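Novice: Take this sequence and fold it.
(one chain, ligands or ions: 1)
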Amino acid sequence: MRAARPRRDECAAVDGLSAATVREIRLCERRHLWPGAVARALADWRRLAHGPQRRLRPEVYRADCLCCDAVEHRRILDTALTRLPARAARELRSQVAALDDLFERRTLPDPAADPALPWWQRRL
Ligand SMILES: [Zn+2]
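Specialist: Numbers count the residues shown, from 1 in each chain. Down below sits the predicted model:
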């Protein structure tokens, strides 16, 4: 259930992105996601990456509810990064990459994880 979808005027309000990139994100959301998906996923991924260490464990950040599942948040960002035009993707990636680095530094590789999973699902 996605109980807390943002209102339309909150869509894709991501700090530090150019107006052109925000526009591309809106188009991408309309085609492949839903309004506000990217801003929300980025905020949630940022909160996890910068949050307390005790939250950085899959048994804590995984959730049955998609809107609360950190793995789903990162997947949404991946959808945007792979579908946005190059310039917009690059801008968004600069923000996501900083959070990815932090998440990676603060977690450990899971040696038992399925190598077919995306990297962010192979961390402990
Ligand atoms: Zn939820």
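Novice: Just give the nearest non-adjacent residue to the residue nearest the centre of the chain, would you?
Specialist: The chain has residue 74 as the residue nearest its centroid, 3.3 Å off, counting by Cα atoms, centre = their mean. Leaving aside its chain neighbours, residue 74 sits nearest to residue 120 (4.7 Å; criterion: Cβ to Cβ, 6 or more residues apart in numbering). From N, CA and C alone the C-beta is placed, and that goes for glycine too.
Novice: Just give me how far the lowest-mean-pLDDT helix or strand in the chain sits from the chain centre.
Specialist: Sorting the helices and strands of the chain by mean pLDDT, DSSP states H and E puts helix 58-61 at the bottom, at a mean of 94. Here the centre of helix 58-61 is set off from its chain's centre by 16 Å, with Cα atoms, centre = their mean, to the nearest Å.
Novice: Repeat that for stretch 27-40.
Specialist: Computed by Cα atoms, centre = their mean, the chain-centroid distance of stretch 27-40 equals 12 Å.
Novice: And that stretch, what's buried?
Specialist: Taking 16 or more other Cβ atoms under 10 Å as the neighbour-count basis, stretch 27-40 is seen to contain the buried residues 28, 29, 33, 35, 36, 37, 38, 39, 40.
Novice: Quick check: next helix or strand after the least confident helix or strand of the chain?
Specialist: Once the chain leaves helix 58-61, the next helix or strand it forms, by DSSP states H and E, is helix 70-83.
Novice: where's the nearest residue to residue 110 once chain neighbours are set aside relative to residue 108, distance?
Specialist: By the measure of Cβ to Cβ, 6+ apart, the closest residue to residue 110 outside its immediate chain neighbours is residue 124, 4.5 Å from it. Using Cβ to Cβ, to the nearest Å, one gets 5 Å for the distance from residue 124 to residue 108.
Novice: list the helices and strands the helix or strand containing residue 46 packs on?
Specialist: Residue 46 is part of helix 37-50, with elements assigned from DSSP H and E. Contact here means 3 or more Cβ pairs under 8 Å, 6 or more residues apart in numbering; DSSP states H and E; on that basis helix 37-50 packs against helix 19-32, helix 70-83, helix 86-106.
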